[in-house]
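Engineer: sequence and predicted model, in that order:
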Amino acid sequence: MESIVRLIFEFIRLSFKTKKQLIFENLMLRQQLNIYKRKNKKPEIKNIDRLILVWISKFFSKWKSALVVVKASTLIGWHKKVFKLYWKRKSRKAGRPNTDWQLIKLIRKLQKENPTWSAQRIQGELEKLGISICDNTVAKYMRKPEVDSEKHQRWITFLRNHAKHIAGIDFLVARTIFFKAIYVFIAISHDRRKVRHFAVTSNPH
């Protein structure tokens, strides 16, 4: 009797689901069934199984109810691991080459001998010597002038006094399940931490 009642409730539940949800639920259950069918005492989950289950979970909103072979937290952990591997591989190719220490010392020597020179002026002088370098890089390695703390307002004090009139903005890149880039712009007020504006697009201009 209990099995009949359970079957009736399952039929009612499925009748309210869309065709798309049923397709992805079926895919998830079939993939887990393939794992159990392997000739092992304990179900062996391969990397391809993890990728398929993570992929399905992004299209099937009720994936937790259909997940049997592992816990929901385990599947979420797989997804995080894939992103870590992706960014680790991507970060190896990114970034600028390190600046030679001798060049850094030359920048600081020029700055010391010519205190009024700006980063652009030093960059121009280096160009005359046949050294190609960006003025932003020059500014990065120039020694910062000492600041008298008594004559300058601390940042925290400035923020408290003017928080109502300050907004923080950011333009960042996020990745979809297929690692496609989407671009996010956000503006937030400092006083209430309230989001004032945000926009998401795959084609920024």
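Structural biologist: That came through, no problem. In this text, all values refer to a predicted model and were calculated from it rather than measured experimentally.

Engineer: go ahead and confirm Q32 touches V69.
Structural biologist: Yes. At 4.4 Å, Q32 and V69 qualify as touching, with contact defined as CB atoms under 8 Å. In this view, the C-beta of every residue, glycine as well, is placed from N, C-alpha and C.

Engineer: what helix or strand is V69 on?
Structural biologist: Under the criterion DSSP states H and E, no helix or strand holds V69.

Engineer: how about the strands in the chain?
Structural biologist: Secondary structure of the chain (DSSP state E): strands located at 167-175, 181-189, 195-201.

Engineer: which of those is buried the deepest?
Structural biologist: Greatest average neighbour count among those goes to strand 181-189 (a mean of 14), per mean count of other CB atoms under 10 Å.

Engineer: average pLDDT for it?
Structural biologist: The average pLDDT for strand 181-189 rounds to 92.

Engineer: return the list of strands paired to that strand, each annotated with direction.
Structural biologist: strand 167-175 (antiparallel), strand 195-201 (antiparallel) (DSSP bridges).

Engineer: picking up where we left off before, right, and the strands of the chain - which one's nearest L106?
Structural biologist: strand 167-175 (34.8 Å; CB to CB).

Engineer: neighbouring contacts of that closest one?
Structural biologist: If you take CB atoms under 8 Å, 6 or more residues apart in numbering as the criterion, strand 167-175 is touched by 83, 86, 181-190, 196.
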